[in-house]
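A.B. asks: fold the stuff below for me.
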Amino acid sequence: MSVELRLLSRVRHGEVEISGARLVGLLALLAGDLPTGCGSARLIAELWPDEQPDHPAKALQTLVARARSRLGADLIASTPTGYRLALTAEQVDSSAVLLRAAAGRRHARSGDHAEALDEAEAGLALFGADGGDGPLGELRAARAATRDELRRMRALALGRLGRDTCGALEELAAERPRDEEVLVELLRWEAANRGPAAALRRYDGYRRALREELGTEPGAELRAAHRELLLSDAPVVRQGLRHEPNELLGRDDDVTAVGGLLRTRRVISIVGAGGLGKTRLAQAVGRRAPHRLVFLVELAGVTRDDDVLGEVASALGVGETSGLVNGVVSALGPGPALLVLDNCEQVLGGVAALVQALVARTTATILTTSRAPLGLSSESVYPLPELDPSTSAELFTQRARAARPGAELPPATVGEICRGLDGLPLAVELAAARIRVMSAAEIARRLGDRFGLLSGGNRDTPRRHRTLHAVIDWSWRMLSAEEQAAMRLLSIFPGGFTAEAVGDEAVLTRLVEQSLLRAADGPAGTRFRMLETVREFSAARREEAGETPAAIDRFLRWARGLAGRDLGDDLVSTVEMIRADQDNLVRALRYGLDRADPATVTAAAALLGTLWLTDSNMNRLIGLTAEVPPVLARFRPGPELVEATRMAAVWCALTAFVARGPRPLRALAVLRRLPPPEPGTLVGAAQIVLCTHDLDGLSKGADPLLAGLADYALSYRAETANDPEAALRTARRMLDRLAGADPWLQALAHARIGELCLQSAPGEEAFRHLDAALSIMEGLGAWASAARARWAIVLADLQRGAFDRAEHGLEQLSGSVLDEEAGRMMFELCGRAEILVGRGDVDNGLRLWREAARGLRKSGGLWENEILAVAVIAHGRHDRLDLIADIAAELPGRLLTMLPGVPPVAFRVGGVMLVALAVIEEARGGPGSRLIGLAEQFGYSRTFPSTHAAVEALRNPSGPGEFTGLDHEGLRAVALASVPRPA
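C.D. replies: Residues are numbered from 1 along each chain as shown. The predicted structure is shown next:
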C-alpha cells in the first residue's frame, strides 16, 4: 500500500501540497496519534498555544472543514472526543517508517539481510527535510531516532551482503564509536577492501580506547570477528572440490543466488529432481565461496542415517579420540567455514540431525544438495530451476557436436527438442548423445512417443520428476533386452565397476556409447559408472522384475571373489584397487552384516581394513573393529577365505590395541583358532605377535619380521607405561630388524622413531626419521599417512629452529587434502605462534597463543589442557603473564581434575601443566624448580619448543631431585599434594 500523507519531507497529501501552519500542525498531531486520533482539547491547546480564539471548538471545526475541503471529505474522521485520520499506518509516512524499522529488525534477526536492506531503504526514502515549527517539528524530531535506526540497519545490511561500496559502515562507526555490532561489520568490510592489517589496527585502537576509558574488554561477537581476522591471512582450505570437466552453462544466476544466501543464511538446501545439476552447482558455489575453510562431503555412498556422522567426520579428518561430533565442531571451528553435504536424499534423517547439531554448536554455514528439504527451521530452500530454452539449446549443441562433429543441427529442430525436455540438463545431454546414431529430426519425432508414457501419472507427482523419469525411460526403451538386463544388474554397484563385472564387452561398449555409462581411467585401471539418476531408474526396474535378491547374491559373490584372489605383492596397486571399489565394499559389508553373512563380512572387512590401515583412517577402522569381530567369532571359513579371515581379525585386533578403544578379545580368539599362518607374511607375523605371551622372546628371535613387529608392540607397551626411553630404544631396534623389509614396514618404523623423538629427544633425529617415512609413504601413494608425517615434520622443524621450513610446511598442509585429527587448524595457529616467537616477534606470537588458548578454553581434553599450559608457559617466559592471567588461574583446577584418572601414557600432558605452574610460581617470586623436577619425572610433552625452553631455564642445576625413583602412583600422589588449590 502506498503512502498518501507525507509529513517527514515535504507536506503533501497525494499530489496536493499543503501549506498553512495550523493545517500542517493538525495533520501532524493526528498522524502522531494514529490510529486512535486526538481529543479536541489537546488539538486546541497544541494548535493555539499562545492565545486561544474566542470560540476554540468552533475554530477547530472550521480548520477541520478546511482540511476536508482541500484534501478530501474522508481524510479526517470524527471521534466521540475529537478527530482521527482515516488512513492506515502504511498510508502515513510517519507511521510507515516505524513499520519499516520493525520489519527490518525482524528480517535482520532471521538473517534475511536483503529484505532488511529493502525495508531500511524504503523507510529512509520517506525522510526529507528536518526541523519545522510546532507539532510538525515535534513529529519530525520524534522520528529522528527511527531514521538513525534505519541508517544503521541499511549500513549493516550492506556490509553483510558485501555491497558497501561508499563507506556507509565507516561513516556510521564514526557516529557510533561504541556500537560493536557496527564495528564487527566494519572490520569485515575493511579486511575485504583494505586488507586484514587495516582491520586489525582499527580493532586494536578500539580495544585500547575501551580499556583506557571504561576499563573493559570488547564483547564476545567483536572478539570472534577479531579471531577471524587473525586467521584471515592463513591459506584457504578447499577440500573435496573438483574442477569442472566442461563449462557450466546457464547457472551463473543460480551460483550468484546461492552465494548470496551463504552470506545471510546458516543452512541452504539446493533442492530439485535428479539430473538438474545440483552437485555441479554446489561445486561451483564452493569454489567461489568467501569462506576460509570449505569442505565438500559426498554422501552418495552412505545408505544409513547412522553412518552420516562417521562419513562426514572421516572426510574432515576428525580423529577418534575426541568424539565425532566434537571433532567435526573443532574442524569447522577456526572458520569462517562452509560445509557442503552432497546427495543427502537417502539419509535425510541423519543429515538433518548432524546439521541441527552443527548449527547449535558452530558458526559454520552448511550447504546441502538433495531431492527433498531437511525440514529444519534453520533451513533456506533453493529450488533449482530448469535451464531456459536458449541455454538448453546451447548445451544440446555443444554435447551433440562433441558426439558427432558433422551432424546437422537446425536451430528450429534443436529448439523443439529442448522445449520438449523441459530444460533438464541430464535430459538434454542424453538426447544430444543420440546424435551418434540419429538425426536431430529423428530425435524430435521420438519425443512424442516418450511423453505418451506420462499420461497416467499421479497429479501430486512433481512435474520435474515426471519429466526426468520420462527422459530416462525413453533411453531405457531404446536398449535391447540384453542391455536392459545388464543395466538392472549393474545398478547394484554404488561405486562404479570394471569391465570384468559386466562380462560382455560388446554390451559395455553399447552402453558407453549411449551415455548410460561413463568410462574413466584411474590408478586402478578403467572403470565405468552410471549417472546416479540412471542407476536409480535401473534399480527400480530391477525391483519391478523381482531380480534384486539375485542381484545382491551376485554382488556379494563378486565381493567375496575380490578378497579371495591373489592381490599380488605390490602394496600400492593393491591399495588403489581396493580404494576404487571402496563404496562397493562398504555396501557389501553392510549387506553382509544385515544378512548375517559372515563370508561377505570377512571378505569386505579384510579389504577395507587394508585400505583404511594404510590411510591411517582410524575412524573407520574403529567402526570396523566394533562390528566385525562378533561375526568372525561365529564363522568357520572354508579354505578360500581363511586368509581373508586372518587379515580381517588382525586388522581389528591391531586397531583395538593401538586405538585403545574396542576390546581385542574376540578378534584374538578368532586368530587363535585359525590354522598357523604362512611364515614370512606381514599378516601372519602380525598374528603371531598379537597372540603371543612372550613379546620379549619374539624380539630376541632370529626371524627379522617377527622381531621387528614384536619391537613395535613393545614400543607401544613402554609408551603406555610412560617409559619413553624404552619406547624409543625398541623402536630403533625395530628399524634395524626391518632393514630391507617391505617399504611400508620401514616407513612405519621411521615414523614411530620420529614420533617418539619429538617427545623425548627433539631435533635433528626426529626430522631425519620423519622425512624418511614421508618419502616412503609418498612413493607408496599413502597420501593420508604422508599428510600425518608432514604435520610431525612441522613440529620437528619448530623444535630445531628451522622456522622457514616450518612455515612452508604449514602453508603446504593448509592448502592440501588432509586426513588428520580434530584440532589440526588450532595446531596450525599454535605452530605459527611459535614461529613468530622464535623469530623475535613476541607480541604477535603471544597474541596467537592467547587466541588458541581462548578458543579451546571450554574444553577439558588432554590436547586442550596442553595448549592452555603452553600458552601460559610462552607468556611467562616473556614476563607477560598478566595478559593471560585468566587462563593461568584455571590451570591448577584443571590439573587437579585430570590427575586422579589419567593413565600413565598421558602423564606427559600433566608434565606440561606442571611446567606451567612452575613458570607461574617463579613469576610470583617463589621457587619453580621443584615443580620442574616433578615435571621431568612425569615426562613432559615437547610438542612445542616453549615448554622445553622453560624447563631448561628453571631446572635445578644440582642434579636429580627428590622425586627420583617414584612409581606412577607415587608421582601422582606427590603431584596432587603439590598443586596449589584454587581459591
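A.B. asks: what residues are up against the residue nearest the centre of the chain?
C.D. replies: The structure's the chain has its C-alpha centroid closest to L339; by CA atoms, centre = their mean the separation is 3.5 Å. By CB atoms under 8 Å, 6 or more residues apart in numbering, the contact set of L339 is F295, V297, V312, L332, L358, A364, T365, I366, L367. In short, each C-beta sits where N, CA and C put it, glycine included.
A.B. asks: cool, A282 as well?
C.D. replies: I270, L296, V340, D342, L367, T369.
A.B. asks: and with 10 Å instead?
C.D. replies: Going by CB atoms under 10 Å, 6 or more residues apart in numbering, A282 touches 241, 255, 258, 268, 270, 296, 340-343, 367-369, 384.
A.B. asks: so which of these are in strands?
C.D. replies: With strands defined by DSSP state E, the entries of the contacts of A282 inside them are I268, I270, L296, V340, L341, D342, L367, T368, T369.
A.B. asks: shouldn't the last one be in contact with C344?
C.D. replies: Yes. Contact between T369 and C344 holds when scored by CB atoms under 10 Å: they sit 6.7 Å apart.
A.B. asks: need the phi and psi values for L262.
C.D. replies: Backbone torsions for L262, taken as degrees, to the nearest 10, come to phi -60, psi -30.
A.B. asks: oops, could you answer that again for L517 instead?
C.D. replies: Here is the backbone geometry of L517 (degrees, to the nearest 10): phi -130, psi 150.
A.B. asks: and it, how far is that from P49?
C.D. replies: According to CB to CB, to the nearest Å, L517 stands 89 Å off from P49.
A.B. asks: kindly report the same for D179.
C.D. replies: Per CB to CB, D179 is found 37 Å from P49.
A.B. asks: ok, which stretches of the stretch 451-600 of the chain are strands?
C.D. replies: When secondary structure is read from DSSP state E, counting those that start in this stretch, the stretch 451-600 of the chain shows strands at 518-522, 525-529.
A.B. asks: and the first one, what does it pack onto?
C.D. replies: For strand 518-522, the helices and strands in contact under the criterion 3 or more CB pairs under 10 Å, 6 or more residues apart in numbering; DSSP states H and E are helix 505-513, strand 525-529, helix 571-580.
A.B. asks: for the last one, list every residue counted as buried.
C.D. replies: Looking back up the chat, that one is helix 571-580. L571, T574, V575, E576, M577, I578, R579, A580 (16 or more other CB atoms under 10 Å).
A.B. asks: what do you get for the shortest one?
C.D. replies: Of the residues in strand 525-529, those scored as buried under the neighbour-count criterion (16+ other CB under 10 Å) are R527, F528, R529.
A.B. asks: got the residue ranges for the strands in the protein?
C.D. replies: Under DSSP E, the chain gives strands at 5-6, 12-13, 16-17, 38-39, 76-78, 82-85, 237-239, 267-271, 293-298, 337-342, 365-370, 379-383, 518-522, 525-529.
A.B. asks: least reliable of those going by mean pLDDT?
C.D. replies: With a mean of 75, strand 518-522 has the lowest mean pLDDT of those.
A.B. asks: parallel or antiparallel, which strands does that one pair with?
C.D. replies: strand 525-529 (antiparallel) (DSSP bridges).
A.B. asks: between the strand it pairs with and helix 571-580, how many degrees?
C.D. replies: Angle, strand 525-529 to helix 571-580, by axes from the mean of the first three to the mean of the last three CA atoms, to 10 degrees: 0 degrees.
A.B. asks: other residues contacting strand 525-529?
C.D. replies: Contact with strand 525-529 is made by 490, 493-502, 508, 511-512, 516-521, 535, 573, 576-577, 580-581, as judged by CB under 10 Å, 6+ apart.
A.B. asks: is it true that R10 touches F127?
C.D. replies: No. R10 lies out of contact with F127 (CB under 10 Å); the separation is 11.3 Å.
A.B. asks: so those two - more neighbours on which side?
C.D. replies: F127 (19 against 10; other CB atoms under 10 Å).
A.B. asks: of L517 and P49, who's got more company?
C.D. replies: Of the pair L517 and P49, L517 is the one with more neighbours under other CB under 10 Å, namely 25 against 11.
A.B. asks: correct me, but that one touches T498?
C.D. replies: No. Using CB under 10 Å, L517 is not in contact with T498, being 11.8 Å away.
A.B. asks: common neighbours of these two, please.
C.D. replies: Common contacts of L517 and T498 (CB under 10 Å, 6+ apart): L508, R527, F528.
A.B. asks: wait, what's in contact with D711?
C.D. replies: Going by CB under 10 Å, 6+ apart, D711 touches 689, 695-696, 698-699, 729-738, 749, 752.
A.B. asks: just give the nearest non-adjacent residue to it, would you?
C.D. replies: The shortest distance from D711 to any non-neighbouring residue, by CB to CB, 6 or more residues apart in numbering, is to M734 (3.8 Å).
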